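1. Sequence first, predicted model second:
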Amino acid sequence: MGKDSKPKDSGGKGKGKQAGGGSDEAASKGKGKARKSDGLGTCTYVKARHILCEKQGKINEAYKKLDDGWLGNGDKVPPAEFAKLAAEYSECPSGKKGGDLGWFPRGKMAGPFQEVAFATPIGATSAPFKSTHGYHIILCEGRKN
């Protein structure tokens with residue numbers, strides 16, 4: 001890692017600062033909080049729905065339905081439609097409630113699930129990803145401090 005960080009330091013004084021001069025200031029004041037106007041870096045709670053499947057093939061099938069219906073057209077998936085797919089595909093008990101996880105704070109969910117949930121913009125759907133529990137798709141419905 002030492003080799004990687006040295007070129008970044010020397011390169012950051014040349015190309016990096018020219019390309020993102022304003023973002024360097026924002027990063028030094030809060031690691032990109034100012035750059036992320038949607039609050040991705042600052043929120044404390046996220047409201048989300050998810051689909052959980054044990055097998056990758058099944059989560060990919062659910063994602064394909066989302067992609068064919070909305071995502072492929074650049075649209076956002078309506079929460080009611082996501083809930084229908086969660087009820088059909090999810091193997092989590094929350095599937096009966098349309099995948100609704102309600103509001104949860106940082107630190108409650110494990111590893112990749114938390115990272116994806118807090119990085120997904122409001123109204124957006126994550127790509128399928130793996131956690132210790134299986135494969136997920138997340139729909140972010142809200143965020144607050």
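-> The structure has been received and is ready for your questions.
2. What residues of the lengthiest helix in the chain count as buried?
-> Longest helix in the chain, counting residues (DSSP state H): helix 56-69. Across helix 56-69, burial judged by 16 or more other CB atoms under 10 Å covers Lys58, Ile59, Ala62, Tyr63, Lys65, Leu66. Using the backbone N, CA and C atoms, a C-beta is placed for each residue, glycine as well.
3. try stretch 80-89
-> Phe82, Ala83, Leu85, Ala86, Tyr89.
4. Give me the contacts around it.
-> Under the contact criterion CB atoms under 8 Å, 6 or more residues apart in numbering, stretch 80-89 has outside partners 49-51, 53, 58-59, 61-62, 65-66, 69-70, 94-100, 125, 139.
5. now do 7 Å
-> With contact meaning CB atoms under 7 Å, 6 or more residues apart in numbering, stretch 80-89 is reached by 49, 51, 53, 58, 62, 65-66, 69, 95-96, 98-99, 139.
6. Quick check: which of the residues you listed has the minimum pLDDT.
-> Lowest in pLDDT among these is Gly69, which has 91.
7. ok, now how distant is it from Cys140?
-> Distance of Gly69 to Cys140, given as CB to CB, to the nearest Å: 18 Å.
8. same deal with Lys108?
-> Counting by CB to CB, the gap from Lys108 to Cys140 is 15 Å.
9. Among the two, which residue is more densely surrounded?
-> Neighbours per residue (other CB atoms under 10 Å) separate Lys108 from Cys140, with Cys140 holding more: 24 against 13.
10. Quick one: low-confidence residue ranges for the chain.
-> 1-42 (pLDDT under 70).
11. Find the residue closest to Gly107 in space, skipping its chain neighbours.
-> In space, Gly107 comes closest to Gln114 once its chain neighbours are excluded; the distance is 7.5 Å by CB to CB, 6 or more residues apart in numbering.
12. how far is the helix or strand where that neighbour lies from where the chain is centred?
-> Assigned by DSSP states H and E, Gln114 falls within helix 111-119. Counting by CA atoms, centre = their mean, to the nearest Å, helix 111-119 is centred 6 Å from the centre of its parent chain.
13. chain center to the helix or strand following that helix, what's the gap?
-> Using DSSP H and E, the next helix or strand after helix 111-119 towards the C-terminus is strand 129-131. Between the centre of strand 129-131 and the centre of its chain there are 11 Å (CA atoms, centre = their mean).
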